[in-house]
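Trainee: Provided below are the primary sequence and the corresponding predicted coordinates.
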Number of protein chains: 2
Amino acid sequence: MDELLEPLLARDRRALSRAITLIESTRPDHRARAVALLADLPDRQALRIGLSGTPGVGKSTFIEAFGTMLTEQGLRVAVLAVDPSSARSGGSILGDKTRMETLARNPMAFIRPTPSNAQLGGVARRTREAIRLCEAAGYDVVLIETVGVGQSETLVAEMCDLFVLLLAPAGGDELQGVKRGIMEMADLILVNKADGELLGPARRTVADYAGALRLLRKRPQDPQGFPKALPVSAATGDGLAKAWEEMRALADWRREHGHLAANRAEQERQWFLADVRAGLLARLDTPAARDRLAHLGDAVAGGRAAPAEAAHEMLDWLAGQK
Amino acid sequence: MDELLEPLLARDRRALSRAITLIESTRPDHRARAVALLADLPDRQALRIGLSGTPGVGKSTFIEAFGTMLTEQGLRVAVLAVDPSSARSGGSILGDKTRMETLARNPMAFIRPTPSNAQLGGVARRTREAIRLCEAAGYDVVLIETVGVGQSETLVAEMCDLFVLLLAPAGGDELQGVKRGIMEMADLILVNKADGELLGPARRTVADYAGALRLLRKRPQDPQGFPKALPVSAATGDGLAKAWEEMRALADWRREHGHLAANRAEQERQWFLADVRAGLLARLDTPAARDRLAHLGDAVAGGRAAPAEAAHEMLDWLAGQK
């Protein structure tokens, strides 16, 4: 049994941090240890909420206010970020915590930014394994935050129980700017900044999105009225309790009707398949394989071998290894 | 030596068709034969032109008129389509030829639609191998046609010497609708329907795109003035000769300065890497592997195994095979 398991189950946040660092590592011995640790985790479940919003919409302020409200209700909240672009630039590694200062200091909360030097596929695996660790460490709600860049939203939707889209008040024309595919994934659209001068525009935007949602999506397995659009203000806190109530109502309904469990089972199956593919491709990531790839790639670029022929030779070589 | 090689080099169109059918096959014996055939092809090169345009822009009419003009100049023209969505629906399999009736009957031209039942990765490999076959079969220009759906355009740009974007006349606001990434790939933007009442709007659109191109892209290795925007009319033929002149000028310049060869060398290296990855993943596509994946996937979905653990078991099993 891994030495991290006991403190993790005892809700030690440092153990959780160390366990996430372990699953982020690509070193083979770390990976083997991570696989064993994950297999030993108990089947404790949190509500997994995906949250997407473009920069400027007030996502950090929302998470800060929403997360703090949940902790005041006695719930433990973990926040994980999926932002492949910031992972590349390294920009928001410290940024995430400084943007959510109150929540970061809250003993009922845990915030973990996007790891550095990760690719989209790597971020995906790391995040879904981190969700499992957070669940085992006793968190009740896991918020998986992402920016509005298409692929990362699909990825987050595929690891959540609920998907929430946070938007800014907008003129009717701007509704077009939200991609249809992303609207279709949303269970709940929250229009932020519904306070002061923007209260009127925010309410109109809610009505516009509510209309668009009715046209765009019918999920026969969801209760009447979903997907929904609601106004919120992260700044004043207005609407946050109502938003949480709606999320819980939808999650409860899905749980009672078996949809939540069925959805998770299918997600786990897809993760398994993704892991197998990643594991196969990892065979190209050894020093010997990289040398061989470079050598054959040079022959192809130099016109001394056809791509398909060189690929055949590389695959033969891989088959002969170990 | 493959029995298709001699008639292919003798410019027999039926042999070319059969060779493309061979490279489209996923049967292992067909694949081995295809790899050998591709390795035996002489290094004859055509000008590879990628052409993208959304439905309704007049792409088929343009290819019909442009291709016919090239054949009248004594050039042999091959047209390949990359349309993963039509591949899925099976919709345009016959459609491509009926949309370009004159060119389809022209003995100097060869039109091959998207294969059915193909995925994006499969379409990519099939298309770049088909380009090589067309070159060996004596075609001077290979047009690779795609629809404006993002990923397929990147894929086509990665197998071309030149990338041309065909657009419709538009109001200034609509320029926003063309994604920045696609504009950045374009060497030449052609604004179609520059005839009759649309001549004025088309000219204004050309000026707008020309301005946008200057802002968006600087390629120090290209000659002064590129990327360019030009008006054309596929219906009247106006501007087609000028468009061809510009394409040739850019290709000649790149050839003389070594950029064309360097670009192809890098493309071939990337194809080799893509083939290796596809070959590794093909190990999951045997009856025994599919059974195993289904069995382990059920265990994961049923909560009897963790995804990472089951993936580890699957990879062990694959390592023990053959």
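Mentor: Thanks, I have the structure now. Residues are numbered from 1 along each chain as shown, chains lettered A, B, ... in the order given.
Trainee: is it true that A:G303 lies in a helix?
Mentor: No: counting by DSSP: H, G, I helix; E, B strand; the rest coil, A:G303 is not found in a helix; it is coil.
Trainee: dump the residue contacts of it.
Mentor: Residues in contact with A:G303, defined by Cβ atoms under 8 Å, 6 or more residues apart in numbering or on different chains, are B:D43, B:A265, B:E268. In short, each C-beta sits where N, CA and C put it, glycine included.
Trainee: And it, how close does it get to A:G67?
Mentor: Using Cβ to Cβ, to the nearest Å, we find A:G303 at a distance of 58 Å from A:G67.
Trainee: Could you tell me which of the contacts of A:G303 count as buried?
Mentor: B:E268 (16 or more other Cβ atoms under 10 Å in any protein chain shown).
Trainee: Looking at the contacts of A:G303, which is nearest B:H30?
Mentor: B:E268 (22.3 Å; Cβ to Cβ).
Trainee: Mind giving me the packing neighbours of the host helix or strand of that closest one?
Mentor: Per DSSP states H and E, B:E268 falls inside helix B:259-281. Judged by 3 or more Cβ pairs under 8 Å, 6 or more residues apart in numbering or on different chains; DSSP states H and E, helix B:259-281 is in contact with helix A:259-281, helix A:287-301, helix A:307-320, helix B:120-136, helix B:240-256.
Trainee: Quick check: buried residues in that helix?
Mentor: B:259-260, B:264, B:267-277, B:279-280.
Trainee: Stretch A:207-218 now?
Mentor: So, applying 16+ other Cβ under 10 Å, buried residues of stretch A:207-218: A:D208, A:Y209, A:A210, A:A212, A:L213, A:R217.
Trainee: among these, which are in helices?
Mentor: Using DSSP state H, the members of the buried residues of stretch A:207-218 that fall in helices are A:D208, A:Y209, A:A210, A:A212, A:L213.
Trainee: Could you double-check that the last one lies in contact with A:P227?
Mentor: Just to be clear, that refers to A:L213. Yes: applying Cβ atoms under 8 Å as the test, A:L213 and A:P227 come out as touching, 4.8 Å apart.
Trainee: ok, back up a step: and the buried residues of helix B:259-281, which is closest to B:R290?
Mentor: When the buried residues of helix B:259-281 are compared against B:R290 (criterion: Cβ to Cβ), the nearest one is B:L280, at 15.9 Å.
Trainee: just to revisit the earlier point, common neighbours of A:L213 and A:P227, please.
Mentor: Residues touching both A:L213 and A:P227 (Cβ under 8 Å, 6+ apart): A:A186, A:I189.
Trainee: where's the helix holding B:E268 relative to the chain centroid, distance-wise?
Mentor: 15 Å (Cα atoms, centre = their mean, to the nearest Å).
Trainee: all helices for the stretch 51-200 of chain A, in order.
Mentor: Remark: helices assigned in the stretch 51-200 of chain A by DSSP state H, counting those that start in this stretch are A:59-72, A:84-89, A:95-99, A:101-105, A:120-136, A:151-157, A:180-185, A:199-216.
Trainee: contact partners of stretch A:4-13?
Mentor: A:14-16, A:18-19, A:22, A:37, A:40-42, A:76, A:110, A:133, A:136-138.
Trainee: Apply 10 Å and report the result again.
Mentor: For stretch A:4-13, contacts defined as Cβ atoms under 10 Å, 6 or more residues apart in numbering or on different chains pick out A:2, A:14-16, A:18-19, A:22, A:33-34, A:36-37, A:40-42, A:44, A:76, A:78, A:107, A:109-110, A:133-134, A:136-139.
Trainee: nearest to chain B, of the helices of the stretch 51-200 of chain A?
Mentor: Nearest to chain B among these is helix A:120-136 (7.1 Å), distances taken as Cβ to the nearest Cβ.
Trainee: Can you name the residues bridging to A:F163?
Mentor: A:G50 (DSSP bridges).
Trainee: sorry, back to before: now render the helices and strands packed on helix B:259-281 as a markdown table, adding distance to A:I182.
Mentor: Listed next are those as a markdown table, based on distance: least, Cβ to Cβ, whole Å:
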| stretch | distance to A:I182 |
| --- | --- |
| helix A:259-281 | 18 |
| helix A:287-301 | 36 |
| helix A:307-320 | 36 |
| helix B:120-136 | 21 |
| helix B:240-256 | 37 |
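Trainee: For A:G58, find the nearest of these.
Mentor: helix A:259-281 (28.6 Å).
Trainee: by how many degrees do the closest one and helix A:307-320 diverge?
Mentor: Going by axes from the mean of the first three to the mean of the last three Cα atoms, to 10 degrees, helix A:259-281 is angled at 100 degrees with respect to helix A:307-320.
Trainee: tell me the angle helix A:259-281 makes with helix A:240-256.
Mentor: Relative orientation of helix A:259-281 versus helix A:240-256 (the same axes, to 10 degrees): 80 degrees.
Trainee: where in chain A is pLDDT low?
Mentor: Residue ranges of chain A with pLDDT under 70: A:84-98, A:115-121, A:148-150, A:171-179, A:217-220, A:322.
Trainee: go again using 80 as the cut-off
Mentor: For chain A, applying pLDDT under 80 flags the ranges A:26, A:54-56, A:83-99, A:114-123, A:147-152, A:170-182, A:214-221, A:322.
Trainee: Okay, domains of it per the record?
Mentor: A:1-41, A:42-256, A:284-320 (the TED database).
Trainee: Adding distance to B:G320, write the ones you listed out as JSON lines.
Mentor: Formatted as JSON lines, the domains of chain A follow (distance: least, Cβ to Cβ, whole Å):
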{"stretch": "domain A:1-41", "distance to B:G320": "18"}
{"stretch": "domain A:42-256", "distance to B:G320": "24"}
{"stretch": "domain A:284-320", "distance to B:G320": "12"}
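Trainee: Of those domains, which stretch is the most buried?
Mentor: Most buried of those by mean neighbour count (mean count of other Cβ atoms under 10 Å in any protein chain shown) is domain A:42-256; its value is a mean of 18.
Trainee: Most proximal residue of the stretch 151-300 of chain A with respect to chain B?
Mentor: For the stretch 151-300 of chain A, Cβ to the nearest Cβ, closest residue to chain B: A:D275, 3.4 Å.
Trainee: Identify the residue spatially nearest to that residue, adjacent ones excluded.
Mentor: B:A311 (3.4 Å; Cβ to Cβ, 6 or more residues apart in numbering or on different chains).
Trainee: Against B:F62, how distant is that neighbour?
Mentor: From B:A311 to B:F62 the distance is 48 Å (Cβ to Cβ).
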